[in-house]
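*Asks:* show me the folded form of this:
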Amino acid sequence: MRRAWVYILSSKLNGTLYVGVTNDIVRRVWEHKSDVSDGFTKQYGVHTLVYFERHETMPDAIVREKRIKKWNRAWKLSMISRFNPEWRDPYDDIAR
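*Replies:* Model prediction:
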């Protein structure tokens with residue numbers, strides 16, 4: 001069964017946020033960190049993984065991503081802070 005991930009990247013503590021969805025979180029976050037393609041995360045320096053959640057199917061993850069994108073900023077910051085109070089980037093831990 002394929003897994004899907006919803007993730008949030010930040011430019012810094014309480015900085016610019018990016019919400020995304022992927023079927024390979026390690027690869028996708030690496031692409032953001034490496035500025036592989038032009039776009040929002042490259043333009044605004046949004047490279048720090050601050051939140052992620054796993055879903056069993058891509059359709060489930062896409063629904064969740066769309067819901068989070070509609071949230072106001074305060075709700076997103078609150079969710080990130082509950083999940084990751086220190087806003088520490090867990091990329092190296094999940095990439096192992």
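*Asks:* check the closest residue to Tyr7 other than its chain neighbours and give its pLDDT.
*Replies:* Computed as CB to CB, 6 or more residues apart in numbering, the closest residue to Tyr7 that is not its neighbour in sequence is Phe52, at 4.2 Å. (C-beta placed from N, C-alpha, C; glycine too.) Note on Phe52: pLDDT of 98.
*Asks:* now the closest residue to Phe40 other than its chain neighbours, what's its secondary structure?
*Replies:* Spatial nearest neighbour of Phe40, excluding adjacent residues (CB to CB, 6+ apart): Tyr18 at 6.0 Å. Judged by DSSP: H, G, I helix; E, B strand; the rest coil, the three-state class of Tyr18 is strand.
*Asks:* which outside residues touch the lengthiest helix in the chain?
*Replies:* Ranked by residue count and defined by DSSP state H, the top helix of the chain is helix 58-70. With contacts defined as CB atoms under 8 Å, 6 or more residues apart in numbering, helix 58-70 is touched by 2, 4-6, 8, 19-21, 23, 53, 55, 76, 79.
*Asks:* for whatever helix or strand comes next after it, which helices and strands make contact with it?
*Replies:* Remark: after helix 58-70, the chain's next helix or strand is helix 73-83, criterion DSSP states H and E. When contacts are defined as 3 or more CB pairs under 8 Å, 6 or more residues apart in numbering; DSSP states H and E, helix 73-83 sits against strand 4-10, strand 17-22, strand 48-55.
*Asks:* done for today, thanks.
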